[in-house]
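Chemist: Whatever this is, show me its structure:
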Amino acid sequence: MNPKMTIRQLLILFLLAVVCLGAVACRGNTPTGQQADLVIASKGFTEQDILQELLAQQIERRTQLKVDRRRLVGFVAHKALINGQIDGYVEYTGTAYVGYLQQPVLTDAAETRQRLTDLYATQFNLQVLPSLGFENTFAMVIRGEDAQRYQVATLSEAAQYAPQWRAGFGYELLEREDGFPGLAQTYHLQFAHSPEVMDLGLIYRALTQKKVDFIAGNSTDGQIARLGLVVLQDDKHYFPPY
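Modeler: From the prediction side, this is the model:
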């Protein structure tokens, strides 16, 4: 069997994490200057860069294909895949299902994945592969000392204290279909001021330096455990599975 056809037919969208694979189009060069056979993208943050490199190395180790690594930003990777500019990348099911497909939130991970798989095949002619085995969901984070002081563990419990807190979020969360506006409505969240738009690379520093009191991180962020922070439970299941 032709190894190129195998990888193109069977490769890459799904992270509760998933990997998406599209048709081959334009090619770039590998870091060694060789002409690439496949283009695998990252969505432009550390976790994505690591996943991209793992995929690229696995492909190159198991086949004769050469992989070009592309670093893109946010929704750009999805558009690039649809347009045939890349061949695959790792995506998050909730982002794809709610954000790209404009579907209502489902709380069941298996159902979300199945519907996503069917819709990607019919609408985009893309294949969604099995989950990579972990979830990276939005994490609403506060300082450990505040969680202890106010005796809060859930978003519902935190909502009563939010009017005295300052919030800091990345731009994407403020704009997404599954982002802050719906979260605020679900939990009746009101802060002392409108949430500050912050660079995701600085958001944990701002929390520990008490410039803000409530941030939106990611559940796989290493800083949460390292800094003794607390993730508030999404007890009303607002966020879809990622």
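Chemist: So for the strand or helix carrying E172, what gets flagged as buried?
Modeler: For E172, the enclosing helix or strand under DSSP states H and E is helix 171-175. With burial defined by 16 or more other Cβ atoms under 10 Å, the residues of helix 171-175 counted as buried are 172-173. Bear in mind the C-beta positions are built from the backbone N, C-alpha and C, glycine included.
Chemist: what packs against it?
Modeler: helix 180-187 (3 or more Cβ pairs under 8 Å, 6 or more residues apart in numbering; DSSP states H and E).
Chemist: Identify the neighbouring strands of the next helix or strand after the helix it packs on in the sheet and state each direction.
Modeler: Using DSSP H and E, the helix or strand that follows helix 180-187 in sequence is strand 196-197. If you go by DSSP bridges, strand 196-197 pairs up with strand 167-169 (parallel).
Chemist: Need the contact partners of the partner strand.
Modeler: Outside strand 167-169, the residues that touch it by Cβ atoms under 8 Å, 6 or more residues apart in numbering are 180, 191, 195-198, 203, 206-207, 211-216.
Chemist: one more time with 10 Å, if that's ok
Modeler: Applying Cβ atoms under 10 Å, 6 or more residues apart in numbering, the contact partners of strand 167-169 are 138, 140, 175, 179-180, 183-184, 189-200, 202-204, 206-207, 211-217.
Chemist: Show the low-confidence segments of this protein, by residue range.
Modeler: 1-34 (pLDDT under 70).
Chemist: Find the residue at the geometric middle of it.
Modeler: Closest residue to the average C-alpha location of the chain: Y92 at 5.0 Å, with Cα atoms, centre = their mean.
Chemist: Now that one: closest residue in space, sequence neighbours ignored.
Modeler: Y242 (4.0 Å; Cβ to Cβ, 6 or more residues apart in numbering).
Chemist: Equivalent analysis for A41, please.
Modeler: Here the residue nearest A41, using Cβ to Cβ, 6+ apart, is Y89, at 4.0 Å.
Chemist: Pairing partners for the host helix or strand of the one you found, with directions?
Modeler: Per DSSP H and E, Y89 falls inside strand 88-91. Using DSSP bridges, the strands paired with strand 88-91 are strand 18-21 (antiparallel), strand 38-42 (parallel).
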